[in-house]
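J.: sequence below, structure please.
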Amino acid sequence: MRTIKELQLRLYPKNSFNERYDIEQDDKIHLLYVSPMLNATGYYRMIIPALEINKTDTHKAIITSIETNDFSRKLSDFVNQLDERLIAWADYIIFPPLFSDVSYLMQAIKTLNPSIQLVMDLDRNYFAIPVSIPLSRKLTTEKLKSLENNLGLMDIVTVANEAFQKFLQRFIDDRLEKANTFVQFLPSLVSRFGYEEMPPLIRNNSEKLRIGLIKPSEEDSLSLKEVLLKINSSFKKEIEFVCLGKPHSSKEVDLLLKEIDCELHDSVSFLDYFEKLNSLQLDLVLLPAKEGLYNRHQNSQLFLELSVFGIPVIASIYHPAKLLLKEGETGLLASEVPEWIENIGLLIKDVKSKERLGRNALKWSWRFQSYNAKNIELLTQIFI
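T.: Numbers count the residues shown, from 1 in each chain. Model (predicted):
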């Protein structure tokens, strides 16, 4: 994260414009990324693409600022960052999801730079978030309507899931008759920038196999209730459960985690997230998910992160990891309770299979899901 921390310091608002931004004219295609947050979404969808695209000879990217506040930022937060000189410099402006009326701002941008292309990156299907997820309570009808209208103001909308791409294109075409918005699939990828100064991978040296749950939702946690209880009963002396990012408070979830004697770890800031994940010394991670539109349209970032650390996974057939996971090679899939129990039992008993899956996933993530030449070309071809 060294480069990202240095970038954050350089973009500090009290620095002069010239200290923060390099807008010298050249023959490259210019991308302006507006106010990404320092969280998983901002990292994968804006900060890392900007850093990686600056390694090319054909494109140049500028990030206006790196934010730490919540998703429902006021319109003024964007206006303050959008200096006229940056608008004139840019060929594309890439926004995070916008939940307030930005129609007059987009008109002003087009007036200043008529040839500019407006882009929004939509990190998830906000129109299908289950009520069990706390974020759903912040998404008022008014905010969702503003988001919908703002999609129609864009030239391009980028998403990290191909099923979501098809859904959203139909959604826009059906609901926004005057829109000429093109929805483009842009995968989340791993980057060396996120793992700078990372200590070597830490392996578990204890006698117990550590089984992880990473930021599970309440709904997804409870979908594995029977599995967790049975595995805990059958292998209690051989395993220990570890949860990073306790699900939203629920008496039923609290009781379940207590019953399986789960080791609990609070969520950490994204800057510390990779080091925290490494320190947990996980041998295996379970990725539960219930069938539904929201999960179907989710990204596969968590699977990528675990793969980078060589941690094998068992994923629900409804988890977005299924889109990337190669059954029996880079992970295992499960649906019904007996299948979960069989797969978990296999990896508890067969250390070599567990290690093989983790080793294959690690190699696969850097070979195919990183910013290699092919994937950088995919990124640059969107912005031509």
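J.: quick one: list the elements packing against the host helix or strand of Lys374.
T.: Assigned by DSSP states H and E, Lys374 falls within helix 373-382. If you count contacts as 3 or more CB pairs under 8 Å, 6 or more residues apart in numbering; DSSP states H and E, helix 373-382 packs onto helix 48-53. Where you see a C-beta, it was placed from the backbone N, CA and C, and this is true even at glycine.
J.: buried set for the helix holding Lys374?
T.: Asn375, Ile376, Leu379, Thr380, Ile382 (16 or more other CB atoms under 10 Å).
J.: let's test this: mean pLDDT of it, rounded?
T.: Here helix 373-382 scores 93 as its mean pLDDT.
J.: off-centre distance for that helix?
T.: Taking CA atoms, centre = their mean, to the nearest Å, one finds the center of helix 373-382 at 19 Å from the center of the full chain.
J.: quick one, what contacts Tyr273?
T.: Ala40 (CB atoms under 8 Å, 6 or more residues apart in numbering).
J.: surely it forms part of a helix?
T.: Yes: counting by DSSP: H, G, I helix; E, B strand; the rest coil, Tyr273 is located in a helix.
J.: for it, give its distance to Leu244.
T.: Separation of Tyr273 from Leu244 (CB to CB, to the nearest Å) stands at 9 Å.
J.: what's the answer for Phe309, then?
T.: From Phe309 to Leu244 the distance is 12 Å (CB to CB).
J.: can you get me a residue count around Glu240?
T.: 21 (other CB atoms under 10 Å).
J.: one more: Asn180?
T.: When neighbours are counted by other CB under 10 Å, Asn180 registers 9.
J.: cool, Arg203 as well?
T.: 11.
J.: was I right to think it contacts Leu280?
T.: No: here Arg203 lies out of contact with Leu280, judged by CB atoms under 8 Å, at a distance of 11.3 Å.
J.: where does the stretch 1-150 of the chain dip in pLDDT?
T.: For the stretch 1-150 of the chain, the stretches with pLDDT under 70 are 69-81.
J.: remind me what the one helix or strand Lys110 maps to packs against, helices and strands.
T.: For Lys110, the host element (DSSP H and E) is helix 103-112. Secondary structure elements in contact with helix 103-112, counted by 3+ CB pairs under 8 Å, 6+ apart, are helix 75-81, helix 84-89, strand 117-121.
J.: for whichever helix or strand Lys363 is part of, the distance to its chain's centre please.
T.: For Lys363, the enclosing helix or strand under DSSP H and E is helix 351-368. From the chain centre to the centre of helix 351-368 is a distance of 21 Å (CA atoms, centre = their mean).
J.: pLDDT weak spots in the stretch 201-350 of the chain?
T.: Checking the stretch 201-350 of the chain against pLDDT under 70 turns up 247-249.
J.: try 90 this time
T.: 201-202, 205, 215-221, 245-253, 271 (pLDDT under 90).
J.: what ranges does it have for its strands?
T.: Assigned by DSSP state E, counting those that start in this stretch, the stretch 201-350 of the chain shows strands spanning 209-214, 239-244, 263-265, 284-287, 313-316, 332-334.
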